[in-house]
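quick one, fold the following:
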Amino acid sequence: MRRPEAVDEGAEALAGYSELGRAVEEAVRKASEGRRVAVAFSGGLDSGLTAAMASKYAESVVCYTCGTDGSFDVRAGRELAEALGLPWVHCRISKGNLEGIIRELISATDESDPFTISYELQLFCVCKHAEEDVILTGQGADEYLGGSAKFVGCSMDDYILLRDAGIERLLDVSVPCEMRIASYFGKELRHPYLDPGVQDVISRIPAADHLPRDMDSRKSVLKEAAAGLGYPGLAFRKKKSSQYGSGTTDLIRALAKEKGKMYNQYLAALYDEVALGIPVRGRGSVINARVDPVVRAKAELILRREGLTPSEAVEMFYRKVIEDGGAESVRPSRRS
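Below you'll find the model as predicted:
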């Protein structure tokens, strides 16, 4: 799994992106040939293309979609699986079972980050329900192929900054957590979009080709590759991020509200209870703040070089506010 260079200028565009399509198909073939496989299936382009290609090589393919009844992903997953002629299983989550799933995920992975917990719940549910030993996932396509909504409207410099920060989180946080999930259930997890052959092709496609002009042009390179492979219907499917499309985020918000907590505070409290045996939070409170994503990415790069976490940096800032009594030195600078 490679991290692309910060500057891709001078790389040759690949006509029709057919090489990317062939590389993805080869990665799927290697992961699925002659085996019974499950696909973590959101009903979007990434997992849809993975399932379609796996059906050419695997002994059997079953699509598993995690979500609430009537959620976007469940509707899309059922519809696309039927169109592909593949069996489909609904991994149902609800207000009644979600906290138990979160607790089991924390116990299995020792994951404390609220965002990662909410993002990885879908894969956790798929691994929990799947009868197959091999699980295929579309993870990595958003980060490497311009799929995130935050990329839309960015300058090239900001796009590269956000892309690289997203890839770093993917490789350092998300994938290790997913491997712990797979190990917990005794599954073999495969990420075709992170296959070295696919990564080699991506590294030779100019960054400008991935930068989306608008929401509909996200992952345009992969869309063209899918069309070239004979799956034009997959290229234009609408998709939401998994934690939103599955309904997970709304359920967690509802559970948190019932307990008088904020979203992140609720998940952090569950971690304290499950992993640390602390029934009432004693490690500090959670701050919810909206920050410009480019500012956040730049700041966190600096913090990592200094060996500081965002939590430590925020606490340092708050202590400085207390120390200076609101002095001008800690006020944000304002540009005229």
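
for the longest strand along the chain, name the packing helices and strands.
In the chain, with assignment by DSSP state E, the single longest strand is strand 60-67. Strand 60-67 is packed against strand 36-40, helix 45-57, helix 72-84, strand 88-92, helix 114-129, with contacts defined by 3 or more CB pairs under 8 Å, 6 or more residues apart in numbering; DSSP states H and E. C-beta: built from backbone N, CA, C; applies to glycine.

adjacent strands (with direction) for it?
Sheet pairing here is set by DSSP bridges, and for strand 60-67 it gives strand 36-40 (parallel), strand 88-92 (parallel).

quick one: low-confidence ranges for the stretch 51-200 of the chain?
Applying pLDDT under 70 to the stretch 51-200 of the chain flags no residue at all.

reformat the helices and strands packed on strand 60-67 as TSV; add mean neighbour count and distance to Y159.
Formatted as TSV, these follow (neighbours: other CB atoms under 10 Å; distance: least, CB to CB, whole Å):
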stretch	mean neighbour count	distance to Y159
strand 36-40	25	27
helix 45-57	25	19
helix 72-84	20	26
strand 88-92	19	34
helix 114-129	22	21
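
relative to L301, which of these is closest?
Smallest distance to L301 across these (CB to CB): 17.8 Å, for helix 114-129.

quick one, the closest one and strand 60-67 angle?
140 degrees (axes from the mean of the first three to the mean of the last three CA atoms, to 10 degrees).

off-centre distance for helix 114-129?
From the chain centre to the centre of helix 114-129 is a distance of 10 Å (CA atoms, centre = their mean, to the nearest Å).

which element follows it toward the C-terminus?
Where DSSP states H and E defines the elements, the next helix or strand beyond helix 114-129 is strand 134-136.

ok, back up a step: return the distance of the longest strand of the chain from the chain's centre.
Using CA atoms, centre = their mean, the offset of strand 60-67 from its chain centre is 17 Å.

let me have the helices and strands packed on strand 60-67 in a markdown table, adding distance to L211 as columns.
Output for the helices and strands packed on strand 60-67, formatted as a markdown table (distance: least, CB to CB, whole Å):
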| stretch | distance to L211 |
| --- | --- |
| strand 36-40 | 27 |
| helix 45-57 | 17 |
| helix 72-84 | 26 |
| strand 88-92 | 34 |
| helix 114-129 | 23 |
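
so which of these comes closest to I202?
helix 45-57 (13.5 Å).

what residues does the closest one touch?
Defining contact as CB atoms under 8 Å, 6 or more residues apart in numbering, one finds that helix 45-57 is touched by 24-25, 28-29, 31-34, 37, 39-41, 61, 63, 80-81, 84-86, 136-139, 141-142, 147, 192-193, 219, 222-223, 226, 229, 231, 234-235, 237, 239.

list buried residues within these.
With neighbours counted by 16 or more other CB atoms under 10 Å, the contacts of helix 45-57 contain buried members at 24-25, 28-29, 31-32, 37, 39-41, 61, 63, 80-81, 84, 86, 136-139, 141-142, 147, 192-193, 219, 222-223, 226, 229, 231, 234-235, 237, 239.

ok so, going back, tell me what angle the longest strand of the chain forms with helix 45-57.
Interaxial angle, strand 60-67 versus helix 45-57 (the same axes, to 10 degrees): 160 degrees.

what does stretch 184-203 rub up against?
1-2, 4-5, 8, 11, 14, 19-20, 23-24, 26-28, 30-32, 46, 50, 108-109, 127-128, 130, 133-141, 144-145, 175, 178-179, 181-182.

looking at these, which are in helices?
Using DSSP state H, the members of the contacts of stretch 184-203 that fall in helices are 19-20, 23-24, 26-28, 30-32, 46, 50, 108-109, 127-128, 141, 144, 175, 178-179, 181-182.

host element of E168?
Judged by DSSP H and E, E168 forms part of helix 156-169.

give me the distance from that helix to the chain's centre.
Taking CA atoms, centre = their mean, one finds the center of helix 156-169 at 14 Å from the center of the full chain.

what are the buried residues along it?
Buried, per 16+ other CB under 10 Å, within helix 156-169: D158, Y159, I160, L161, L162, R163, D164, A165, G166, I167, E168, R169.

in TSV: the residues you listed, plus distance to R213.
Below are the buried residues of helix 156-169 laid out as TSV (distance: CB to CB, whole Å):
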residue	distance to R213
D158	14
Y159	11
I160	16
L161	18
L162	16
R163	16
D164	20
A165	21
G166	19
I167	21
E168	25
R169	24
